[in-house]
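Undergrad: Sequence first, then the predicted structure, then my questions.
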Amino acid sequence: METQAFSFAASRFVPVAIGFFGLGTGYFIWGGQALFGYPRTSPDVNRTMGMWGFWMPGFMQFITGVYLLVGLTWFDVFGNAAPLYMAALAFTAYGIHWFAMAHHRYIGSSAQPDGWMAIAFLFLSILGVDVFRRAGDIPVMIIFVGLSLIYAIEIPTRLFSWNAGSRLVGLFQFVTGIWLMYCTYAITVDLTLGAKAWI
């Protein structure tokens with residue numbers, strides 16, 4: 001019996017806008033609340049924040065990461081785009097980490113252990129800065145700079161209950177969310193309209 005090999009056409013429609021938009025929305029919701037103190041924290045607000053955190057930055061990044069990994073490894077539809085492996089790693093890992101953060105916020109458990117988690121994600125963020133700097137993709141490198149700042153501040157904020165740190169994390173989340181919305185816009189108009197936005 002002969003085996004038959006299937007090949008898929010190359011696609012320029014890399015799904016990163018999905019992950020950018022999901023994370024950006026999550027950073028507006030969580031960062032906005034931390035930065036502006038509105039709405040005030042309560043069990044009901046925390047449950048709503050947890051649900052948004054699970055679906056937007058959680059699910060949208062996770063599905064983007066899996067989509068990229070499958071497209072890169074099984075079907076080779078994105079061509080020789082090695083930096084997309086870093087994007088796939090990051091979207092998958094960040095998506096799962098948002099599932100965990102959203103769940104603990106939903107049930108009202110302690111956020112203090114997140115300080116230890118932030119060490120690993122600071123490493124991943126710095127790795128993203130290095131990979132995309134070397135690849136010459138400065139707009140995506142800027143996202144990882146924002147992520148690095150968030151996790152660097154998250155470590156002392158969570159482990160040592162640094163109260164001012166929560167608002168600072170919120171500030172960097174909000175600013176990074178704005179940049180993520182720009183990147184969502186840029187990649188979308190480039191792919192759909194043939195625009196030449198910086199991305």
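TA: Arrived safely. Numbering: from 1, shown residues only.
Undergrad: for the top helix by length along the chain, which positions count as buried?
TA: Determined from DSSP state H, the single longest helix within the chain is helix 163-193. For helix 163-193, a neighbour-count test (16 or more other CB atoms under 10 Å) marks 165-166, 168-177, 179-188, 190-191 as buried. Any C-beta I mention is one placed from the backbone N, CA and C, and that applies to glycine too.
Undergrad: State the mean pLDDT of it.
TA: The pLDDT scores in helix 163-193 average 97.
Undergrad: Could you do stretch 105-122 as well?
TA: pLDDT averaged over stretch 105-122 gives 96.
Undergrad: repeat for stretch 8-28
TA: With pLDDT averaged residue by residue, stretch 8-28 scores 95.
Undergrad: Same check on stretch 80-87?
TA: Per-residue scores along stretch 80-87 average to 91.
Undergrad: what comes into contact with that stretch?
TA: For stretch 80-87, contacts defined as CB atoms under 8 Å, 6 or more residues apart in numbering pick out 14, 16, 19, 65, 68, 72, 78, 127-128, 131-132, 135, 137, 140.
Undergrad: 7 Å instead?
TA: The contact list for stretch 80-87 (CB atoms under 7 Å, 6 or more residues apart in numbering) reads 14, 16, 68, 72, 78, 128, 131-132, 135, 137.
Undergrad: Would you mind stating the distance between Ile138 and Phe62?
TA: Using CB to CB, to the nearest Å, Ile138 is found at 26 Å from Phe62.
Undergrad: okay, the two: which has more neighbours?
TA: Phe62 (21 against 12; other CB atoms under 10 Å).
Undergrad: which non-adjacent residue is nearest that one?
TA: Nearest non-adjacent residue to Phe62, counting by CB to CB, 6 or more residues apart in numbering: Gly95, 2.9 Å away.
Undergrad: Which residues are in contact with the one you found?
TA: Per CB under 7 Å, 6+ apart, neighbours of Gly95: 58-59, 61-62, 65.
Undergrad: what angle sits between the helix or strand where Phe20 lies and helix 163-193?
TA: Phe20 is part of helix 16-26, with elements assigned from DSSP states H and E. Helix 16-26 and helix 163-193 are oriented at 150 degrees to each other (axes from the mean of the first three to the mean of the last three CA atoms, to 10 degrees).
Undergrad: mind listing what's buried in the host helix or strand of Val70?
TA: Assigning secondary structure by DSSP H and E places Val70 in helix 60-73. Neighbour counts using 16+ other CB under 10 Å place 60-65, 67-69, 71-72 of helix 60-73 among the buried residues.
Undergrad: same deal with stretch 134-144?
TA: Residues of stretch 134-144 classed as buried by neighbour count (16+ other CB under 10 Å): 137, 140-144.
Undergrad: what residues are up against the residue nearest the centre of the chain?
TA: In the chain, the residue lying closest to the centroid (CA atoms, centre = their mean) is Leu23, at 4.6 Å. Counting by CB under 7 Å, 6+ apart, Leu23 touches 57, 61, 94, 180.
Undergrad: can you do 8 Å?
TA: 56-57, 60-61, 94, 177, 180.
Undergrad: export those residues to TSV and tack on distance to Gly115?
TA: Output for those, formatted as TSV (distance: CB to CB, whole Å):
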residue	distance to Gly115
Met56	23
Pro57	19
Met60	25
Gln61	21
Tyr94	17
Gly177	22
Leu180	24
